[in-house]
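>>> The sequence isn't on hand, but the structure is:
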């Protein structure tokens, strides 16, 4: 599947704009938290921009799941910084709400609006983002030396895989 005109990096390069390779587990969690917020805002924006009720409902559901991912990441982060009691404390440490590729949700939508004119195109881009998220969480889980961190990041990767499958089924129904 080609992603012509999409201003995102390929899955092999995901996160390279923001990862140096020497991040601590806490830094990875902060980065992942920002990406989850970027994904949440993307899904909310896409839900409001489509007239397809089933697609809109799926995007609302995915936005809600991204909030759950943020909660998991917050709990994991508290192991590294017990002083961060609530999610606002973690949000204050996040530099930006970024999506895979280093763009904010708004920047991504603005740069890719021309490639998101139809429901199948929107679903294609959502699938691309989920594939990138899956790749990124798998890499984070493999890099982590802490067993619990590894498991949490792997679990989020598995959820991203389920998102990708759900979007794929929805995409197939729209062709």
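Everything's here; your move. The structure presented is a predicted model; accordingly, all values stated were derived computationally and were not measured.
>>> Show me the helices in this structure, by range?
25-49, 53-77, 87-91, 105-112, 119-143, 147-174 (DSSP state H).
>>> got those helices as a markdown table, with mean neighbour count and mean pLDDT columns?
Yep, even glycine has a C-beta here, placed from its N, CA and C like the rest. Listed next are the helices of the chain as a markdown table, based on neighbours: other CB atoms under 10 Å; pLDDT from 0 to 100:
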| stretch | mean neighbour count | mean pLDDT |
| --- | --- | --- |
| helix 25-49 | 22 | 86 |
| helix 53-77 | 18 | 91 |
| helix 87-91 | 16 | 87 |
| helix 105-112 | 18 | 80 |
| helix 119-143 | 21 | 86 |
| helix 147-174 | 17 | 88 |
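>>> Now that residue 52 has come up, it's in contact with residue 120, right?
No: using CB atoms under 8 Å as the test, residue 52 is too far from residue 120 to be in contact (10.0 Å).
>>> Common neighbours of these two, please.
Where contact means CB atoms under 8 Å, 6 or more residues apart in numbering, the residues bridging residue 52 and residue 120 through contact with each are residue 174.
>>> I'd assumed residue 170 was in contact with residue 54.
Yes: if you go by CB under 8 Å, residue 54 and residue 170 touch, sitting 6.9 Å apart.
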